[in-house]
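J.: Structure for the following, please:
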Amino acid sequence: MVETTANVYQQRLMDISWFMRSLNEPIARQANREDKCTGHFWEGRFKSQALLDEGAILSCMAYVDLNPVRAGIAATPEKSDFTSIQLRIKSAIKGEQPKALLPFTGNEHQQKNKGIRFSLQDYLTLVDETGRIIRADKSGAISQKSERILARLHINEESWLKLTTEFECMFTGAVGTAEHLSEFTEHVGLQRTHGIVNAQACLNSA
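T.: Purely as a prediction, here's the structure:
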């Protein structure tokens, strides 16, 4: 799995680099013409990270999906415009999954070629409860049901809240359990396993 993930990661990184370069140039030219200035349009270079297991994938998804709630732009995940969580909620109301997004397959123990091996309903519950907690004007707590959901990911409540509020600061490269990070590091030929301390603390925490 790690070997395949590493190869896909390297290919995707090249694809994303090409896409971002193609996207950046015309936008920068137009913005510079309008503002009568020169220089880069984007504040900084995009960052690409390999997500090596379900815990890493779901933590990163929740972190991104909760951006508007953390920033105070939206009160709830379903009111967070331009997020995947809003699209998933709208589709879930109809008993569907959005075709544009990778589907939840509902069972983390099944081996399937394509899809997130996790329950969509459990993910929506986690994001909803997490959103209530991280809002400054709203108190909340992870329920026993969500604690059981997190236990399946081997993540405790404290670690989950840290991951969903500080994910981007905690990891600069690949993300996963300490075991997956070590395997990935060896496969891609790196000398040092970046992020292993945070992985041990948060992604192997329950």
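J.: Can you pull the domain assignment for the chain?
T.: 1-48, 49-203 (automatic domain parsing).
J.: What mean pLDDT does stretch 35-47 get?
T.: Averaged over stretch 35-47, pLDDT sits at 63.
J.: May I see the domains of the chain organised as CSV, with mean neighbour count added?
T.: C-beta: built from backbone N, CA, C; applies to glycine. Below are the domains of the chain laid out as CSV (neighbours: other CB atoms under 10 Å):
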stretch, mean neighbour count
domain 1-48, 12
domain 49-203, 17
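J.: any idea which residue sits dead centre in this structure?
T.: Nearest to the geometric centre of the chain sits Cys60, at 1.9 Å (CA atoms, centre = their mean).
J.: Work out the gap between the helix or strand encompassing it and the centre of the chain.
T.: Using DSSP states H and E, Cys60 sits in helix 54-65. Here helix 54-65 shows a centroid-to-chain-centroid distance of 3 Å under the convention CA atoms, centre = their mean, to the nearest Å.
J.: Tell me which stretches of this structure form strands.
T.: Secondary structure of the chain (DSSP state E): no strands located.
J.: Helices of that one, residue ranges please.
T.: In the chain, the helices defined using DSSP state H lie at 2-35, 54-65, 67-70, 84-93, 120-134, 144-152, 157-170, 178-188, 196-198.
J.: Those helices into TSV, with extra columns for distance to Glu78?
T.: Shown next, in TSV, are the helices of the chain (distance: least, CB to CB, whole Å):
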stretch	distance to Glu78
helix 2-35	29
helix 54-65	11
helix 67-70	10
helix 84-93	5
helix 120-134	8
helix 144-152	17
helix 157-170	17
helix 178-188	32
helix 196-198	30
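J.: Which of those sits closest to Lys114?
T.: Closest approach to Lys114 among the helices of the chain is made by helix 2-35 (12.3 Å; CB to CB).
J.: got any ranges where this structure has weak pLDDT?
T.: The model of the chain has pLDDT under 70 over residues 1-24, 38-47, 107-113, 136-140, 206.
J.: The same query, at a cut-off of 80, please.
T.: Within the chain, the stretches with pLDDT under 80 are 1-32, 34-48, 107-114, 135-141, 205-206.
J.: Among the helices of the chain, which comes closest to Pro103?
T.: Using CB to CB, the helices of the chain put helix 120-134 closest to Pro103, at 8.0 Å.
J.: Against which helices or strands is that closest one packed?
T.: Helix 120-134 sits against helix 54-65, helix 67-70, helix 84-93, helix 144-152, helix 157-170, with contacts defined as 3 or more CB pairs under 8 Å, 6 or more residues apart in numbering; DSSP states H and E.
J.: what's in contact with the last one?
T.: Yep, that's helix 157-170 we're talking about. 47, 59-60, 62-63, 66, 70, 126, 130, 133-134, 142, 146-147, 150, 155, 175, 195, 198, 201-203, 205-206 (CB atoms under 8 Å, 6 or more residues apart in numbering).
J.: do that again at 6 Å, thanks
T.: 59-60, 62-63, 66, 130, 134, 142, 150, 198, 202, 205 (CB atoms under 6 Å, 6 or more residues apart in numbering).
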